[in-house]
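K.L.:
let me see the structure of the following:
(chains A, B, C and D)
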Protein chains: 2
Amino acid sequence: MATMTDVAKHAGVTKQTVSNVLSGKAVVREETRQRVLEAIEVLGYRPNLVARSLRKGKTSILAIMVPTIANPFYSDIVEEVERIAGEHEYNLLLCTSRKSAERAQNQLQILSDRSIDGLLLLDDSPISTELATVVQGQFPIILCNWEHEPYPDNFPVVSIDYREAGYLAGQHLLDVGLREHIAVIWESPAHHLRFQGVRNALLDSGVDLEAHHIIATADSTTESGYQAARMLLARRPLPQAILATNDLMALGTLKALREHGLRVPDDIAVIGIDNIFLGADAYPPLTTVEIPKREMAAEMTRLLLRCMKEEETPIPRLLTLLRPRLIVRCSTPHSVIT
Amino acid sequence: MATMTDVAKHAGVTKQTVSNVLSGKAVVREETRQRVLEAIEVLGYRPNLVARSLRKGKTSILAIMVPTIANPFYSDIVEEVERIAGEHEYNLLLCTSRKSAERAQNQLQILSDRSIDGLLLLDDSPISTELATVVQGQFPIILCNWEHEPYPDNFPVVSIDYREAGYLAGQHLLDVGLREHIAVIWESPAHHLRFQGVRNALLDSGVDLEAHHIIATADSTTESGYQAARMLLARRPLPQAILATNDLMALGTLKALREHGLRVPDDIAVIGIDNIFLGADAYPPLTTVEIPKREMAAEMTRLLLRCMKEEETPIPRLLTLLRPRLIVRCSTPHSVIT
DNA sequence: ATGAAAGCGCTAACAG
DNA sequence: CTGTTAGCGCTTTCAT
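P.N.:
Below is the predicted model:
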């Protein structure tokens, strides 16, 4: 590979001049500039970004750490982050924490060793703020998709108002006239805020959740939604509606209801949270609450970019919560006009 | 940040000795080693990977280029690649080509400028082998998930036998006694090999595809599957079975059949290809042909790692095709014993 | 406007 | 076994 010195020789100047031409920071005589440009062209010169990074102490590399990229929720976010990062001439390093604090710790350390310019951390395990402190000061870090309280105050946070998401789902059931025997399937403790939102919505209308209509699950797969729904169907009275704290569990619920020959929404209404891909193609198309993950991705990336530009350490206590919104499809009944 | 020289001073040695302790390549007296280790501990020293990369000409960074990461097919692969890369102390840079040859070109160039150690290229657009040639020689490149012929011979290829996938799907329909009025929905030209496989299976049993039962689509979303199925339902005779060249279109097909009050598989059988997440939770659970993408991911990563170890340029003409396998669920009838 | 020198932090090669 | 020297390719600083 041709180096900057090669170009300089070819153009009869020093590499400093070549550097000036490329950076555009210093003034170069037009004739010299042309000679340099021509030399670059002829030799097929390309700057060595590793060398540049070493010298400048900046790599123009961002990193994103997610629990897993196999989950479409996260891959959707990464898609957006990568796009925006690219627009600003940054490359994206992908890291997965995979439910292991130790792994996250190692990854974080390596990112620091690589002198990345910034990090988006999507892992709201309690320890992650501590971990992040280890490499704090090296580069800005934004905590994203934080789903429980208290919100950290040592890093900026960009997330969704998950309590509001639960509230919207609960409120919708009330709005279509369902006030009794509302069942909830929620992942505990991960979806605590969502669950709280649901309960608040009902309480605000004087409706109580009955203990035998609440099922807490250990994860939020279609399978656990399916099993939880079967448990609900074995109890009496049957629920009028089943609210699952995510769409995957809602889809599992739909499957269980189908197997029991129950019609949705006529016999039992179903609502989820997330608005995942394919919810619209389910049977019946799933009513849900959209989590604006793309907007969140855009917001957190922009904030990170901003923090990187400013020399000062980023705003520590800054909480940005995006608002979810209801998507009415066919798994809940139409509004009842009373 | 403490540098290697700092550690050296603290331990009363030169940085070369520190380097020796870290690399373990040269023998160091135990006492000295301990002093160095202690200094590292005390100062919290971490090697600067950018500097190391510059010096060694290797970054221990791999890159993967996919059309998009938002598609679960690709994110699933990336999950596996990242895991294996991590086990070998490599970080993963994520790039998306987003259907733009120009974009792919730029990304490739930048990857080269960054001195990455290897690339997994998942984009079988005809130009991608040309593009790859631009940076050829800098680092090994593996072409992955190549889905049409001819297979490139200037890079190693790891892919799936997509023709076989089509064949298995077609053969299954024959095996369960469906021999007439088989309809095919396929994305043209992307799924040409799959389509060819289907046709071969039928031809091998003397069954002909009828022109009015073939629908070519421009993409392979649930929506295009839905629309294609509606077209088929408007024609006579009605098909006995609908084979879609991917699961998303098969799910769209299921939706269209439901809306027409047709029972699956009693009235019309449906089969897809891919075995996507959620196919098992569809209504009815979808029979499909599994594309072993995880295995492919593992295989291509291992091959890349191997190419990187060997100093010689990687084996140019090497074609590895993984075999798909049939997954029978409920959208096709049970075997008929004749 | 251009050149000369220094150095980012590390490892390779050799000397002692 | 440890120290010295050199240099990866670039940008920053200062001199001309």
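
K.L.:
so residue A:9, which state does it fall into?
P.N.:
helix (DSSP: H, G, I helix; E, B strand; the rest coil).

K.L.:
okay, now it: neighbour count?
P.N.:
Neighbour count of residue A:9, defined by other C-beta atoms under 10 Å in any protein chain shown: 15. C-beta coordinates here come from the backbone N, C-alpha and C atoms, glycine included.

K.L.:
what does the one 10 residues further on give?
P.N.:
The local packing count at residue A:19 equals 17, with neighbours defined by other C-beta under 10 Å.

K.L.:
kindly report the same for residue A:109.
P.N.:
There are 14 residues near residue A:109, going by other C-beta under 10 Å.

K.L.:
with the one 4 residues further on instead?
P.N.:
Residues contacting residue A:113 under the criterion other C-beta under 10 Å number 17.

K.L.:
need the contact list for it.
P.N.:
B:46-49 (C-beta atoms under 8 Å, 6 or more residues apart in numbering or on different chains).

K.L.:
which one of these sits closest to DNA strand D?
P.N.:
residue B:48 (11.3 Å; C-beta to the nearest atom of the strand).

K.L.:
tell me who's in contact with the closest residue to DNA strand D within the stretch 101-250 of chain A.
P.N.:
When scored by C-beta to the nearest atom of the strand, the stretch 101-250 of chain A has residue A:115 as its residue closest to DNA strand D, at 12.8 Å. Shown in contact with residue A:115 (C-beta under 8 Å, 6+ apart): A:53, A:57-59, A:138-139, B:48-50.

K.L.:
what's around the residue nearest to residue A:89 when sequence neighbours are not counted, how many residues?
P.N.:
Distance criterion C-beta to C-beta, 6 or more residues apart in numbering or on different chains; nearest residue to residue A:89, sequence neighbours excluded, is residue A:60 at 6.0 Å. Applying other C-beta under 10 Å, we find 18 residues neighbouring residue A:60.

K.L.:
return the set of buried residues in stretch A:124-133.
P.N.:
A:124, A:128-129, A:131-132 (16 or more other C-beta atoms under 10 Å in any protein chain shown).

K.L.:
list the ones among these that fall in helices.
P.N.:
A:128-129, A:131-132 (DSSP state H).

K.L.:
out of these, who's near DNA strand D?
P.N.:
For DNA strand D, no contacts are drawn from these by C-beta under 7 Å from any atom of the strand.

K.L.:
contacts for the least confident helix or strand in chain A by mean pLDDT next, please.
P.N.:
Lowest by mean pLDDT, DSSP states H and E among the helices and strands of chain A is helix A:128-134, with a mean of 86. Residues outside helix A:128-134 that contact it (C-beta under 8 Å, 6+ apart): A:101, A:104-105, A:108-109, A:112, A:119, A:121, A:141, A:143, A:152, A:154-155.

K.L.:
mind redoing it with 10 Å?
P.N.:
With contacts defined as C-beta atoms under 10 Å, 6 or more residues apart in numbering or on different chains, helix A:128-134 is touched by A:65, A:97, A:101-102, A:104-109, A:112, A:119, A:121-123, A:125, A:136, A:141-143, A:146, A:151-155, A:157, B:44.

K.L.:
could I have the buried ones of those residues as PyMOL selection syntax?
P.N.:
Entered in PyMOL, the line below selects the buried ones among the contacts of helix A:128-134, by 16+ other C-beta under 10 Å:
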select buried, chain A and resi 65+97+104+105+107+108+112+119+121+122+123+136+141+142+143+146+151+152+155+157
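
K.L.:
give me the subset of the contacts of helix A:128-134 lying in strands.
P.N.:
A:65, A:119, A:121, A:141-143, A:157 (DSSP state E).

K.L.:
from what I see, residue A:310 and residue A:304 are in contact.
P.N.:
No - with contact defined as C-beta atoms under 10 Å, residue A:310 does not reach residue A:304; the gap is 11.3 Å.

K.L.:
can you list residues touching both of the two?
P.N.:
The contact lists of residue A:310 and residue A:304 share residue A:140, where a contact means C-beta under 10 Å, 6+ apart.

K.L.:
separation between residue A:18 and residue A:33?
P.N.:
Counting by C-beta to C-beta, to the nearest Å, the gap from residue A:18 to residue A:33 is 10 Å.

K.L.:
more crowded one of these two?
P.N.:
Taking other C-beta under 10 Å, residue A:18 and residue A:33 do not tie; residue A:18 has more neighbours (27 against 17).

K.L.:
name the element that one belongs to?
P.N.:
helix A:15-23 (DSSP states H and E).

K.L.:
give the other helices and strands that that helix contacts.
P.N.:
helix A:4-11, helix A:30-43 (3 or more C-beta pairs under 10 Å, 6 or more residues apart in numbering or on different chains; DSSP states H and E).

K.L.:
next, format those helices as a markdown table and append mean pLDDT and distance to DNA strand D.
P.N.:
Shown next, in a markdown table, are these (pLDDT from 0 to 100; distance: least, C-beta to the nearest atom of the strand, whole Å):
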| stretch | mean pLDDT | distance to DNA strand D |
| --- | --- | --- |
| helix A:4-11 | 94 | 3 |
| helix A:30-43 | 93 | 10 |
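
K.L.:
among the contacts of residue A:115, which are in helices?
P.N.:
Counting by DSSP H, those place A:53, B:49-50 in helices.

K.L.:
may I ask which of those residues has the most neighbours?
P.N.:
residue B:50 (25 neighbours).

K.L.:
check contacts around it.
P.N.:
A:49-59, A:61, A:113-116, B:59.

K.L.:
now do 7 Å
P.N.:
Neighbouring residues of residue B:50 by C-beta atoms under 7 Å, 6 or more residues apart in numbering or on different chains: A:50, A:53-54, A:59, A:114-115.

K.L.:
got it, and residue A:57?
P.N.:
Applying C-beta under 7 Å, 6+ apart, the residues near residue A:57 are residue A:115.

K.L.:
for it, give its distance to DNA strand D.
P.N.:
9 Å (C-beta to the nearest atom of the strand, to the nearest Å).

K.L.:
how close does that residue sit to residue B:7?
P.N.:
19 Å.

K.L.:
what of residue A:192?
P.N.:
Where residue B:7 is concerned, residue A:192 sits at a distance of 46 Å (C-beta to C-beta).

K.L.:
when those two are compared, which one has more neighbours?
P.N.:
Just comparing residue A:192 and residue B:7: by other C-beta under 10 Å the higher neighbour count belongs to residue B:7, 27 against 19.

K.L.:
hang on, the earlier thing: neighbour-wise, which of residue A:310 and residue A:304 wins?
P.N.:
The residue with more neighbours, out of residue A:310 and residue A:304, is residue A:304; 28 against 10, by other C-beta under 10 Å.

K.L.:
my read is that that one contacts residue A:139, right?
P.N.:
No - under the criterion of C-beta atoms under 7 Å, residue A:304 makes no contact with residue A:139, lying 9.4 Å away.

K.L.:
which neighbours do these two have in common?
P.N.:
Applying C-beta under 7 Å, 6+ apart, one finds that residue A:304 and residue A:139 are jointly contacted by residue A:118.

K.L.:
how about the residues of the stretch 1-150 of chain A that lie near DNA strand D?
P.N.:
Checking the stretch 1-150 of chain A against DNA strand D by C-beta under 7 Å from any atom of the strand, the hits are A:1, A:3-5, A:15-16, A:19, A:22-23, A:25, A:47-48, A:51-52, A:54-56.
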